[in-house]
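A.B. asks: have a look; sequence and predicted model below, questions after that.
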Amino acid sequence: MSIAWNDSTPIYRQLRDRVVAMILDGVLKQGDPLPSVRQVAGDFQINPITVSKAYQELVDENLVEKRRGLGMYVTDGAREALLKSERERFLREEWPALHARLVRLGLDLGQLMEQARQEESK
């Protein structure tokens with residue numbers, strides 16, 4: 001897990017978002033253990049409390065579960081729940097601005113799909 005921290009978002013939030021991305025990308029699958037708080041804190045030279053806060057958010061969202069004495073594990077159905085919530089968030093928060101920009105630029109879905117096909121065939 002490599003992370004380039006930015007100053008505009010708290011580190012615990014960036015760490016949480018990185019774990020979410022790893023679940024969505026299939027790097028972490030249901031039942032997989034998360035690295036320990038101490039390991040992550042040491043690897044990235046951050047406070048263990050910061051890591052714990054990120055992990056607690058994931059627990060609160062039912063994406064990971066604490067197993068007493070064993071650590072944190074990705075819950076069953078975490079990826080599906082994330083896909084659903086991330087799609088809803090995209091449509092609610094990002095799509096309106098993106099759609100408005102596409103309209104301003106005079107781009108349509110057909111042009112975008114053709115561009116994507118050309119880039120995939122390279």
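C.D. replies: It's in. Numbers count the residues shown, from 1 in each chain.

A.B. asks: contacts and neighbour counts: CA atoms only from here.
C.D. replies: Will do.

A.B. asks: so for the particular helix or strand that has residue 18 in it, what gets flagged as buried?
C.D. replies: Secondary structure from DSSP states H and E places residue 18 in helix 11-24. By neighbour count on 16 or more other C-alpha atoms under 10 Å, the buried set for helix 11-24 is 11-16, 18-20, 23-24.

A.B. asks: tell me which other helices or strands that helix touches.
C.D. replies: helix 48-60, helix 78-89 (3 or more C-alpha pairs under 8 Å, 6 or more residues apart in numbering; DSSP states H and E).

A.B. asks: how many neighbours does residue 104 have?
C.D. replies: Using other C-alpha atoms under 10 Å, residue 104 is surrounded by 9 other residues.

A.B. asks: what distance separates the helix or strand harbouring it from the centre of its chain?
C.D. replies: Following DSSP H and E, one finds residue 104 within helix 95-105. Relative to the chain's own centre, helix 95-105 is displaced by 24 Å; criterion: C-alpha atoms, centre = their mean, to the nearest Å.

A.B. asks: show me what secondary structure element comes after it.
C.D. replies: Downstream of helix 95-105 (by DSSP H and E), the next one is helix 109-120.

A.B. asks: using PDB, list the CA coordinates for that next one.
C.D. replies: Output in PDB follows, covering the C-alpha atoms of helix 109-120 (Å, rounded to 0.1, in the frame of the first residue of the first chain):
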ATOM      1  CA  LEU A 109     -21.600  10.100 -25.100                       C
ATOM      2  CA  GLY A 110     -20.800   8.700 -28.600                       C
ATOM      3  CA  GLN A 111     -17.700  10.800 -28.900                       C
ATOM      4  CA  LEU A 112     -16.500   9.900 -25.400                       C
ATOM      5  CA  MET A 113     -17.100   6.200 -26.000                       C
ATOM      6  CA  GLU A 114     -15.200   6.300 -29.300                       C
ATOM      7  CA  GLN A 115     -12.300   8.100 -27.600                       C
ATOM      8  CA  ALA A 116     -12.300   5.400 -24.900                       C
ATOM      9  CA  ARG A 117     -12.300   2.600 -27.500                       C
ATOM     10  CA  GLN A 118      -9.300   4.200 -29.300                       C
ATOM     11  CA  GLU A 119      -7.300   4.500 -26.100                       C
ATOM     12  CA  GLU A 120      -8.000   0.900 -25.100                       C
END
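
A.B. asks: brilliant, that's me finished.
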